[in-house]
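Trainee: Structure, please.
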Amino acid sequence: VYLVGIIPGPGKPSLAQINHCLKPLVDELLVFWESGIFFSRTAKFVTGRLVRCALVPLVCDLPAARQTAGFGAHNAKYFCSVCNLEHSDIDNLDMASWPPRTAEAHRKAAWEWKAKESVAQREAAFKENSTRWSELLRLPYWDPIRYTVIDSMHNHYLGLLKHHCRSIWGMSISAEDEDHGESTTSPQPTEEEQALGVAYLNSGTSTQLASCKKAVLKYLCTTVGIQARKPSKDRLLTLLEAWVSTAYTGEGGGESTRRATTRSAATPEQVTRGAKMLETAVSAHTFSRKFNLAVLRALCEQNGLSDNGTKLDIAYRLIDMVCSVAGLARLRIGSSETTDGPTVNTSAGRSGSRESTPMADEQVTSVLGRTTLQQIHAELPLTELPSWISPVPSNVGTKARGKLSADQWHIFCVVNLPVILIRMWAPRGGRFTQMLDNYMHLVTEVVVGSLLEMSDDAIALYESSALEYLKGAKELYGISLTPNQHNSLHIPFFLRLFGPLHAIRTFFSERMNYLLQRQNTNLIFGQLELTFMKHSCRAANLRAILEEPAIRAQVAELSEAYEQLQGEDRRGTRLRESLSLGASMTSGPTTQKAIVLDQDCFRALITALNSKAGKELFIDIRELRRIPGTRQLLNRAQEVSSIQIGGVRFRSKDAAPKDSNAMCIVGIAGASPTATRIKKIFRYTYRDSDGKSVEGTYLFVLPYAELSAEDAPLDPYRKYPFVGGQLYYNDHLTGVVITPDRVVSHFARTPVTMPGIAAQCIHALSLDKV
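Mentor: Numbers count the residues shown, from 1 in each chain. Alright, predicted model coming up:
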């Protein structure tokens, strides 16, 4: 990372100020592009080098990207930087109908905005096309559509995954689970009691209103929109009387006049506005709060529907009518009416609509409520994760826990929840299976988007999973799409342009922000920026030097001390990706000590060497038999504490059990990886058939036993082969010796007891895609 500059604080620059900050950078980039700059000497070229430079991807979070490149924000008329879909049509999932943006049209609109002579004219132009001028457009080669990337860290981890748990599923330890919520909900009054209560409220006396049951008073509060969280009957009466005295007054001002006045009148304008809004209504909660009871009843009368029930009941009835005409399915969320289809609880309805809040004294329920979260909390510690993964706090979902980082959301949602929820929900069937299938589409989308290698097949899988997830979420939860969910469908556009997303997401820049904020400065602008630049360059150079194998071997103690001094958490997605990409596939082993291989390990080593030779070339020197043409081997080796493969450390079971869970290819080349446990890592030297000394690093692994043909159908995880993992018996087969190139990845290991399978099992979820 090369630090170009720091924007002065204390706050972020405004929409217009950002261009003043960009201008010096663009001025220099133009020189680098047009003529280049000749450096008289560089680290690798003593005679100098002509350097040309170009800015391609703009990598930052969504608000910063839109501001820097001149696009409108997420709530603008044209909210997307890739297509010209209007915000009013955000729920449209027919991607073929989305008009694409073009760089030419964007530049034209930006120049027109810049040419406006007044702020008012610019604001009017922006409202029309959602485009502003950006200094980056001075770069002749820069394509604002193709180069303003959608950051997958914010989009996937802090967007889709967090939004699904927090908003759609309503994850909260204080909420009841949806399948337990019905038994705790107060009984609804009968239609006769409701009608009598409405009559007393509209034209009766205070004594008559007080004669109603508490359930009727709660119903009346809900009808008129009074928020009442578990109050007494007296409190309900007080709230209703206050509503009567303030909301409706007659000419005489007396109570009899107020009682006789028609309440919640429906004007023609309100009814017309309600009919228009009904055409695009998504949430019954939101629609019912925008209009009074009289307007809703007038809409029912217009459409030949019954006007009985609460405002929420009527709103559902109206929305169902609109959907039935359009041939769509609408789920009832929190309605007191019974339905033939699946019912979503109030939490799901609240989360599906960003504007909605719980109605009067309703029982707040959630998909991930108290009971489910308590089970999740109990099972989180059971999963063994390698040391490079930062585990999720066991009290996730509670207020005490606070916020999770992007990487913690990632691990929680693609590792922990699939392991736990598949076992919990798959046997229950029905709606739980629907929710699970929908969620696993989301997990597949995010996992594919995190792959370090990309292909056309992988991109196609991403596209199908992302589309299926959003279609299913709309049907299951009745949600309206967010700009972030829409943007996720454009990720394949950037996968085809740039390949894997790890190079164009903001893990590195967020970390850089954190490191800069930790530096001590004198807070004097003009000096502060130079301090930041010097420190960042020195740190980057030192890290690069210490990554050189030849240098690292000579200064191992210095390197270890430096890493400890940095105090950096060596876990997480960002670091694993930087290590795996910055280092060779397999780096040298660490500390070694002389050992004698046990009998099982030594036999497995001889078998492996003979298999590689294609014949019985090696035998144990302790055997009495002597075969001409064979080589006798000693059981002496050097034990290795750990080995780095693909940027992460693998260790033996005795050294670090969590780092010993490895997916390996133990059969013929090209076979599918299987779950194993590393028992020993060692270096061994022998002479081949030509008498040449051969030295190599080997791993002695114990494969887990596969489920039998009878038990395999009972494994619910195999329904999701790409992201679900699978079960194995908690028993090992005969150990085998393999080379490091046969190690694929770590896996998350969880002990499992499955109904119908007599033997104890373990679940293995490969982390090669995580």
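Trainee: Where does pLDDT dip in the stretch 51-200 of the chain?
Mentor: Residues of the stretch 51-200 of the chain meeting the criterion pLDDT under 70: 179-187.
Trainee: what do you get if the cut-off is 80, keeping everything else the same?
Mentor: 178-188, 191-192 (pLDDT under 80).
Trainee: which residues of it fall in helices?
Mentor: Shown for the stretch 51-200 of the chain, the helices assigned by DSSP state H, counting those that start in this stretch span residues 62-69, 103-115, 119-129, 144-147, 152, 162-163, 178-184, 191-203.
Trainee: Tell me which of the ones you listed is the most buried.
Mentor: helix 152 (a mean of 25; mean count of other C-beta atoms under 10 Å). (Each C-beta comes from the backbone N, C-alpha and C, glycine too.)
Trainee: Residues contacting that one, please?
Mentor: Here helix 152 makes contact (C-beta atoms under 8 Å, 6 or more residues apart in numbering) with 449, 450, 491, 501, 504, 505.
Trainee: quick one: pLDDT of the fifth one?
Mentor: Residue 504 is assigned a pLDDT of 87 by the prediction.
Trainee: Can you pull the phi/psi pair for it?
Mentor: Torsion angles at residue 504 (phi, psi; degrees, to the nearest 10) stand at phi -130, psi 30.
Trainee: give the contact list for it.
Mentor: By C-beta under 8 Å, 6+ apart, the contact set of residue 504 is 57, 59, 149, 151, 152, 494, 498.
Trainee: for the residues you listed, which one is nearest residue 725?
Mentor: Closest approach to residue 725 among the contacts of residue 504 (C-beta to C-beta): residue 152, at 22.8 Å.
Trainee: State the distance from that closest one to residue 648.
Mentor: According to C-beta to C-beta, to the nearest Å, residue 152 and residue 648 sit 21 Å apart.
Trainee: Quick one: the strands in the stretch 501-650 of the chain, in order.
Mentor: All strands of the stretch 501-650 of the chain, identified by DSSP state E, counting those that start in this stretch, fall at 586-587, 592-596, 618-620, 631-633, 636-640, 642-645, 648-651.
Trainee: Next: the stretch 1-150 of the chain.
Mentor: All strands of the stretch 1-150 of the chain, identified by DSSP E, counting those that start in this stretch, fall at 37-39, 49-51.
Trainee: How far away from the center of its chain is the last one?
Mentor: Relative to the mean C-alpha coordinate of its chain, strand 49-51 is positioned 42 Å out (C-alpha atoms, centre = their mean, to the nearest Å).
Trainee: Show me where the stretch 651-770 of the chain dips below the pLDDT cut-off.
Mentor: Judged by pLDDT under 80, the stretches of the stretch 651-770 of the chain that qualify are 668-670, 769-770.
Trainee: hang on, the earlier thing: I'd like the helices of the stretch 51-200 of the chain written out as TSV, with distance to residue 744 added.
Mentor: TSV is the format used below for the helices of the stretch 51-200 of the chain (distance: least, C-beta to C-beta, whole Å):
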stretch	distance to residue 744
helix 62-69	34
helix 103-115	41
helix 119-129	49
helix 144-147	34
helix 152	23
helix 162-163	29
helix 178-184	39
helix 191-203	63
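Trainee: quick one, which of those helices is nearest to residue 455?
Mentor: Of all the helices of the stretch 51-200 of the chain, it is helix 152 that lies closest to residue 455, at 17.1 Å by C-beta to C-beta.
Trainee: can you list the strands of the stretch 501-650 of the chain in TSV and add distance to residue 675?
Mentor: Shown next, in TSV, are the strands of the stretch 501-650 of the chain (distance: least, C-beta to C-beta, whole Å):
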stretch	distance to residue 675
strand 586-587	21
strand 592-596	26
strand 618-620	28
strand 631-633	29
strand 636-640	22
strand 642-645	16
strand 648-651	14
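Trainee: how about TSV for those, with mean neighbour count and distance to residue 384 added?
Mentor: As requested, those are exported to TSV (neighbours: other C-beta atoms under 10 Å; distance: least, C-beta to C-beta, whole Å):
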stretch	mean neighbour count	distance to residue 384
strand 586-587	16	23
strand 592-596	12	26
strand 618-620	18	35
strand 631-633	17	34
strand 636-640	19	21
strand 642-645	21	17
strand 648-651	22	13
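Trainee: Are any of the contacts of residue 504 buried, and if so which?
Mentor: Using 16 or more other C-beta atoms under 10 Å as the burial test, the contacts of residue 504 include 59, 149, 151, 152, 494, 498 as buried.
Trainee: thinking again about what came up before, which stretch among the strands of the stretch 1-150 of the chain comes nearest residue 726?
Mentor: The nearest among those, by C-beta to C-beta, is strand 49-51 at 51.3 Å.
Trainee: If you count contacts, what does the closest one end up packed against?
Mentor: Identification of packing neighbours for strand 49-51 by 3 or more C-beta pairs under 8 Å, 6 or more residues apart in numbering; DSSP states H and E yields strand 37-39.
Trainee: can you give me the offset of the helix or strand residue 242 falls within from its chain's centre?
Mentor: Element membership for residue 242 (DSSP states H and E) is helix 233-247. From the chain centre to the centre of helix 233-247 is a distance of 45 Å (C-alpha atoms, centre = their mean).
Trainee: what's it packed up against?
Mentor: Contact here means 3+ C-beta pairs under 8 Å, 6+ apart; on that basis helix 233-247 packs against helix 206-210, helix 214-224, helix 255-260.
Trainee: Between those, which one is closest to residue 486.
Mentor: helix 214-224 (33.7 Å).
Trainee: give me the number of residues near residue 79?
Mentor: Other residues near residue 79 number 22, with proximity taken as other C-beta atoms under 10 Å.
Trainee: ok, it - contacts?
Mentor: Going by C-beta under 8 Å, 6+ apart, residue 79 touches 72, 73, 85, 87, 90, 130, 483, 486.
Trainee: ok, now which ones touch the fourth one?
Mentor: The contact partners of residue 87, by C-beta under 8 Å, 6+ apart, come to 75, 76, 77, 78, 79, 483.
Trainee: I'd like those laid out as CSV, including distance to residue 768.
Mentor: Putting the contacts of residue 87 into CSV (distance: C-beta to C-beta, whole Å) gives the following:
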residue, distance to residue 768
75, 39
76, 40
77, 43
78, 39
79, 36
483, 32
